[in-house]
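Colleague: Structure of the sequence below:
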Amino acid sequence: MLYWAAMFLVIALVAAVFGFGGIAASAAGIS
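Modeller: Next up, the predicted model:
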């Protein structure tokens, strides 16, 4: 159970980083 929770946390963090990077890139492209 702890293993799956840790894996989900890592995946969520990676997704958040990529999502924020995409938003920052699009914002930089607009401005």
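
Colleague: A24: neighbour count?
Modeller: Per other C-beta atoms under 10 Å, the neighbour tally for A24 reads 10. To be clear about C-beta, it is placed using only N, CA and C from the backbone, and glycine gets the same treatment.

Colleague: just to confirm, which helix or strand has it in it?
Modeller: Using DSSP states H and E, A24 falls within helix 2-30.

Colleague: Count the neighbours of A27 for me.
Modeller: Other residues close to A27 by other C-beta under 10 Å number 9.

Colleague: returning to what we had before: quick one: mean pLDDT for the helix holding A24?
Modeller: For helix 2-30, the mean pLDDT works out to 86.

Colleague: ok, A28 - how many residues close by?
Modeller: 8.

Colleague: do you know how far I23 is from A16?
Modeller: Using C-beta to C-beta, to the nearest Å, I23 is found at 11 Å from A16.

Colleague: Let me fix that, I meant to ask about A25.
Modeller: 15 Å.

Colleague: can you check A6 too?
Modeller: Computed as C-beta to C-beta, the A6 to A16 distance reads 16 Å.

Colleague: which ones are touching G19?
Modeller: For G19, the contact set (C-beta atoms under 8 Å, 6 or more residues apart in numbering) is empty.

Colleague: Tell me which residue is most central in the chain.
Modeller: A16 (1.8 Å; C-alpha atoms, centre = their mean).

Colleague: And that residue, how close does it get to M1?
Modeller: Distance from A16 to M1, by C-beta to C-beta: 23 Å.

Colleague: check contacts around Y3.
Modeller: Y3 neighbours (C-beta under 8 Å, 6+ apart): none.

Colleague: do the same with the one 3 residues further on
Modeller: With contacts defined as C-beta under 8 Å, 6+ apart, A6 has no neighbours.

Colleague: cool, the one 4 residues further on as well?
Modeller: If a contact means C-beta under 8 Å, 6+ apart, then V10 has no contacts.

Colleague: and stretch 5-17, C-alpha only, in PDB?
Modeller: Taking C-alpha atoms only, stretch 5-17 is exported to PDB below (Å, rounded to 0.1, in the frame of the first residue of the first chain):
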ATOM      1  CA  ALA A   5       1.000   5.700  -2.500                       C
ATOM      2  CA  ALA A   6       4.600   6.700  -3.100                       C
ATOM      3  CA  MET A   7       4.400   5.900  -6.800                       C
ATOM      4  CA  PHE A   8       1.200   7.900  -7.100                       C
ATOM      5  CA  LEU A   9       2.800  10.800  -5.300                       C
ATOM      6  CA  VAL A  10       5.800  10.700  -7.700                       C
ATOM      7  CA  ILE A  11       3.600  10.600 -10.800                       C
ATOM      8  CA  ALA A  12       1.400  13.500  -9.400                       C
ATOM      9  CA  LEU A  13       4.500  15.600  -8.800                       C
ATOM     10  CA  VAL A  14       5.900  14.900 -12.300                       C
ATOM     11  CA  ALA A  15       2.500  15.700 -13.800                       C
ATOM     12  CA  ALA A  16       2.400  19.000 -11.800                       C
ATOM     13  CA  VAL A  17       5.900  20.000 -12.900                       C
END
